[in-house]
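**Student:** Got a sequence here, can you build the structure:
(chains A and B)
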2 protein chains.
Amino acid sequence: MNNDNYYMEEAYKEALLAFDKGEVPVGAVIVDCLNGEIIARAHNSSQFGFDATAHAEVNAIRSACKKLEQSRLENCDLYVTLEPCPMCASAIALARIRRLYFGAYDVKGGGVEHNARIFEQASCNHKPEIYGGICENKCGQILKTFFSNCR
Amino acid sequence: MNNDNYYMEEAYKEALLAFDKGEVPVGAVIVDCLNGEIIARAHNSSQFGFDATAHAEVNAIRSACKKLEQSRLENCDLYVTLEPCPMCASAIALARIRRLYFGAYDVKGGGVEHNARIFEQASCNHKPEIYGGICENKCGQILKTFFSNCR
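**Tutor:** Below is the predicted model of the structure:
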């Protein structure tokens, strides 16, 4: 397993935790690219955590910033199981994340490759390197199963 | 003073608190529109609070969600001294805020009337009523003073 798949598997474990709690199953990890250490692990907790902003990426960024006592994460990469929404893509830009790796593409709600395309906007002052479709099927399937169970 | 100006003055007081701390001076309040009560007051704390996501609007939404124990704020209005950035505009949509009142327009970084225009995107599933330019000069001047002092 290469490093990208390894870290995405770790993000996927977080998505599983969200699934078990009845939250939309999206997970994320943030990696210190200087030593390869995972410095934050998080999953979506918006519904039962009573926080509209508590997507996996925002939770992970908040956690990593607190850990490093920095408001920017310039030497960090973020792995998330779903293409970030516009809120999370903007948060990634604000945090100056070096590389963004995501799993499933999100045609309807995504804000990276679709819709607002946050990193292409003139207002965006940082664009990470972007790698989409890592472990795509697995990351997408858990979401399909979750929403299928909701019906 | 009408209600809109009153609540924006309360948001401005939060911007002053940010200014005194050396944070970019943006303030916000969230009002329960059923009884007019201010249920959250917050200011930008991203730099010294070590949190890239800690803009005034995100801080206020998080606080109001916790207070109401809800992930949505459908009966709430948000007042903020500056046009929200794309992250905050998306957070406002996710929280289902009823009305957004903002002070100064932000041609460079705004995501409501400029750039990503979050609420006009097909991916956006909630658009609040929007009122821009409330106490515009005052809300803009404190930012100009702050950035002028930084130089």
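**Student:** Give me every residue in chain A lying close to chain B.
**Tutor:** In this structure, chain A approaches chain B at residues A:46-47, A:49-54, A:58, A:61-62, A:65-66, A:68-73, A:85-87, A:89-91, A:94-96, A:108-111, A:114-116, A:118, A:121-124, judged by Cβ under 8 Å from any Cβ of the partner chain. (Each C-beta comes from the backbone N, C-alpha and C, glycine too.)
**Student:** Can you verify A:Leu78 is assigned to a strand?
**Tutor:** Yes: checked against DSSP: H, G, I helix; E, B strand; the rest coil, A:Leu78 lies within a strand.
**Student:** Check what pLDDT it gets.
**Tutor:** Turning to A:Leu78, the model gives it a pLDDT of 98.
**Student:** Touching, it and A:Ile30? I think so.
**Tutor:** Yes: counting by Cβ atoms under 8 Å, A:Leu78 does reach A:Ile30; the two are 5.3 Å apart.
**Student:** which neighbours do the two share?
**Tutor:** Taking Cβ atoms under 8 Å, 6 or more residues apart in numbering or on different chains as the criterion, A:Leu78 and A:Ile30 both touch A:60-61, A:97.
**Student:** which one of those has the most neighbours?
**Tutor:** The most crowded member of these, judged by other Cβ atoms under 10 Å in any protein chain shown, is A:Ala60 (32 neighbours).
**Student:** mind checking the SS state of that residue?
**Tutor:** helix.
**Student:** give the contact list for it.
**Tutor:** By Cβ under 8 Å, 6+ apart, the contact set of A:Ala60 is A:28-30, A:40-42, A:78, A:80.
**Student:** Restricted to strands, list those residues.
**Tutor:** Among the contacts of A:Ala60, the residues falling in strands (DSSP state E) are A:28-30, A:40-42, A:78, A:80.
**Student:** ok, so of the shared contacts of A:Leu78 and A:Ile30, who is nearest chain B?
**Tutor:** Comparing these against chain B with Cβ to the nearest Cβ places A:Ile61 closest, at 5.7 Å.
**Student:** That closest one contacts A:Ile39, correct?
**Tutor:** No: assessed by Cβ under 8 Å, A:Ile61 is found out of contact with A:Ile39, at 10.8 Å.
**Student:** Mind listing the shared neighbours of those two?
**Tutor:** Joint contacts of A:Ile61 and A:Ile39 (Cβ under 8 Å, 6+ apart) are A:Ile30.
**Student:** Okay, buried residues for the lengthiest helix in chain A please.
**Tutor:** If you go by DSSP state H, chain A has its longest helix at helix A:3-21. For helix A:3-21, a neighbour-count test (16 or more other Cβ atoms under 10 Å in any protein chain shown) marks A:7-12, A:14-15, A:17-19 as buried.
**Student:** Let me see the mean pLDDT of it.
**Tutor:** 97.
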